[in-house]
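*Asks:* no sequence for this one, just the structure:
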């Protein structure tokens with residue numbers, strides 16, 4: 001039962017949890033994230049990187065964001081006082097509608113376990129889908145469950161092949177954001193080699209377009225088949241990338257940039273977890289329209 005290559009499973013009980021987390025013998029120890037050591041309002045992306053896990057966070061100060069995992073107090077937290085909520089600010093949609101919570105790992109895992117819920121202000125029951133993908137974008141495992149603000153839905157999703165490296169937690173077309181507590185995972189002994197660079201597409205503005213405005217909003221998409229997008233930058237400055245529901249590996253971005261008179265070139269650079277890079281550029285010309293007043297006009301006929 002305890003032999004090195006045994007694939008027999010055991011039940012592991014996490015501290016004071018009633019959730020049973022079933023992972024493989026012969027792999028690394030199970031790690032639990034409780035989200036209680038950081039203060040409320042902390043936005044999470046690389047705070048747990050020392051434990052090999054990264055949270056996709058598109059937060060930008062003074063701008064829209066739709067997938068920003070944030071520590072938040074919750075009356076029904078499984079361990080008091082906090083949970084992790086996929087926070088948002090969007091003056092048009094006012095929700096994280098069709099924007100999943102995305103989590104990726106430095107190494108493949110055998111599976112994940114967690115409690116699912118949502119904000120206390122949400123009164124409805126929601127259908128949640130938890131999906132595991134490997135570093136080549138292949139769906140390894142998936143489970144759909146019902147969740148509510150009661151935070152009483154335990155879920156475990158296992159990858160028998162031990163190759164999963166991306167987790168998507170998706171509440172789909174719903175105004176209530178994804179929220180998790182007591183997140184558990186176990187690294188496997190497998191490897192997954194990512195060999196495809198991300199691709200960047202700028203959809204707005206058009207290349208070589210002309211405007212008299214002093215700023216423009218860059219919009220576009222990044223396709224990263226592993227889903228493990230590490231950084232996204234515009235002319236060297238970090239910008240937010242928002243995961244798209246139902247389109248594993250696709251991210252959208254929207255970022256306002258200032259324009260100077262004349263030509264302005266902007267390069268969007270995406271880097272994935274393997275260090276592979278993809279980019280796209282656009283040039284925008286800013287010019288003040290010139291008005292001409294004609295005080296006299298003479299037509300001479302020959």
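*Replies:* Cool, the structure landed. Since this is a predicted model, take the numbers as computed values, not measurements.

*Asks:* which residue is nearest the middle of the chain?
*Replies:* By C-alpha atoms, centre = their mean, the chain has its centre lying nearest to residue 56, at 3.4 Å.

*Asks:* From residue 218, how far out is it?
*Replies:* 19 Å (C-beta to C-beta, to the nearest Å). No exception for glycine: its C-beta is placed from N, CA and C like everyone else's.

*Asks:* what ranges of this structure fall below the confidence cut-off?
*Replies:* For the chain, the stretches with pLDDT under 70 are 1-27, 91-95, 288-302.

*Asks:* For it, just list every one of the helices.
*Replies:* For the chain, no helices are identified by DSSP state H.

*Asks:* in the longest strand seen in it, what counts as buried?
*Replies:* In the chain, assigned by DSSP state E, the strand with the most residues is strand 101-117. For strand 101-117, a neighbour-count test (16 or more other C-beta atoms under 10 Å) marks 101-105, 108-117 as buried.

*Asks:* so what strands line up beside it?
*Replies:* Sheet pairing here is set by DSSP bridges, and for strand 101-117 it gives strand 53-55 (antiparallel), strand 153-158 (antiparallel), strand 164-170 (antiparallel), strand 179-187 (antiparallel).

*Asks:* how about the nearest residue to residue 56, chain neighbours excluded?
*Replies:* In this structure, residue 56 finds its nearest non-sequential neighbour in residue 102, 3.9 Å apart by C-beta to C-beta, 6 or more residues apart in numbering.

*Asks:* what do you get for residue 217?
*Replies:* Nearest non-adjacent residue to residue 217 (C-beta to C-beta, 6+ apart): residue 256, at 5.1 Å.

*Asks:* One more: residue 117?
*Replies:* residue 151 (3.2 Å).

*Asks:* who wins for proximity to residue 199 among the strands paired with strand 101-117?
*Replies:* Relative to residue 199, the nearest member of the strands paired with strand 101-117 by C-beta to C-beta is strand 164-170, separated by 17.4 Å.

*Asks:* Tell me how far the residue nearest to the centre of the chain lies from residue 36.
*Replies:* Using C-beta to C-beta, we find residue 56 at a distance of 22 Å from residue 36.

*Asks:* Residue 204 touches residue 219, doesn't it?
*Replies:* Yes: taking contacts as C-beta atoms under 8 Å, residue 204 lies within contact range of residue 219: 4.1 Å.

*Asks:* Tell me the buried residues in stretch 150-169?
*Replies:* 151, 153-159, 162-169.

*Asks:* now, which of these sits nearest residue 47?
*Replies:* Proximity of the buried residues of stretch 150-169 to residue 47 (C-beta to C-beta) peaks at residue 167, which lies at 16.5 Å.

*Asks:* And the nearest residue to that closest one once chain neighbours are set aside, how far from residue 254?
*Replies:* Nearest non-adjacent residue to residue 167, counting by C-beta to C-beta, 6+ apart: residue 103, 4.4 Å away. Taking C-beta to C-beta as the measure, residue 103 falls 22 Å from residue 254.

*Asks:* go on, residue 236?
*Replies:* Using C-beta to C-beta, one obtains 18 Å as the distance from residue 236 to residue 254.

*Asks:* So between those two, which is more surrounded?
*Replies:* residue 254 (19 against 7; other C-beta atoms under 10 Å).

*Asks:* And the more buried one, how close does it get to residue 58?
*Replies:* To residue 58, residue 254 is 9 Å away according to C-beta to C-beta.
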